[in-house]
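*Asks:* A predicted structure for the sequence below; I have some questions about it.
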Amino acid sequence: QVQLVESGGGLVQPGGSLRLSCAASGFTFSKTAMSWYRQAPGKERELVATISSGGGSTNYADSLKGRFTISRDNAKNTVYLQMNSLKPEDTAVYYCNALWVILGYTYDYWGQGTQVTVSS
């Protein structure tokens with residue numbers, strides 16, 4: 001079955017950095033675009049970044065460009081999110097997402113999330 005397991009979250013001071021990882025299994029990772037989302041308390045889940053299956057194309061939420069970098073290692077079935085210059089407003093649960101469509105049917109999977117807290 002499909003599994004997405006995030007790790008790397010924690011408590012960090014403003015201005016600090018964290019690198020999140022998402023280990024994937026149960027599907028053809030190298031052919032699947034991957035995304036990171038986040039959800040802050042009392043807010044809707046929002047898209048952070050997406051990376052194409054081969055890693056050659058990335059997209060980011062406008063507010064995060066320049067601070068966050070999504071990448072992947074298809075040999076390790078892992079997608080990463082490097083977060084720099086973190087701000088208190090980056091505090092949220094960060095989720096890994098895999099989504100693909102086959103014959104009109106959408107397959108949409110989520111990890112359990114990893115908490116990121118930015119605070120002094």
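*Replies:* Received the coordinates, thanks.
*Asks:* could you pull out the strands for the chain?
*Replies:* Assigned by DSSP state E, the chain shows strands spanning 3-7, 10-12, 18-25, 34-39, 46-51, 58-60, 68-73, 78-83, 92-102, 105-110, 114-118.
*Asks:* Quickly list what the spatially most central residue of the chain is bridged to.
*Replies:* By Cα atoms, centre = their mean, the mean C-alpha position of the chain lies nearest to Trp36, the distance being 2.4 Å. Beta-bridge partners for Trp36, by DSSP bridges, are Ala49, Cys96.
*Asks:* Contact partners for Gly113?
*Replies:* By Cβ atoms under 8 Å, 6 or more residues apart in numbering, the contact list for Gly113 reads 6, 39, 93-95. (Glycine included, C-beta is placed from N, CA and C.)
*Asks:* Can I get the buried part of the residues you listed as one PyMOL selection?
*Replies:* Selecting only the buried entries of the contacts of Gly113 in PyMOL, with 16 or more other Cβ atoms under 10 Å as the criterion:
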select buried, resi 6+93+94+95
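*Asks:* Now distance to Ser57 and pLDDT too, for the contacts of Gly113, in TSV please.
*Replies:* Output for the contacts of Gly113, formatted as TSV (distance: Cβ to Cβ, whole Å; pLDDT from 0 to 100):
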residue	distance to Ser57	pLDDT
Glu6	22	97
Gln39	25	98
Val93	26	98
Tyr94	21	98
Tyr95	21	98
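*Asks:* Among the contacts of Gly113, which pair sits farthest apart?
*Replies:* Glu6 and Gln39 (12.7 Å; Cβ to Cβ).
*Asks:* got any residues that touch both of the two?
*Replies:* Shared contacts of Glu6 and Gln39, counting by Cβ under 8 Å, 6+ apart, come down to 95, 113.
*Asks:* which residues touch Tyr109?
*Replies:* 2, 4, 27, 97-99.
*Asks:* Sweet, I'm off.
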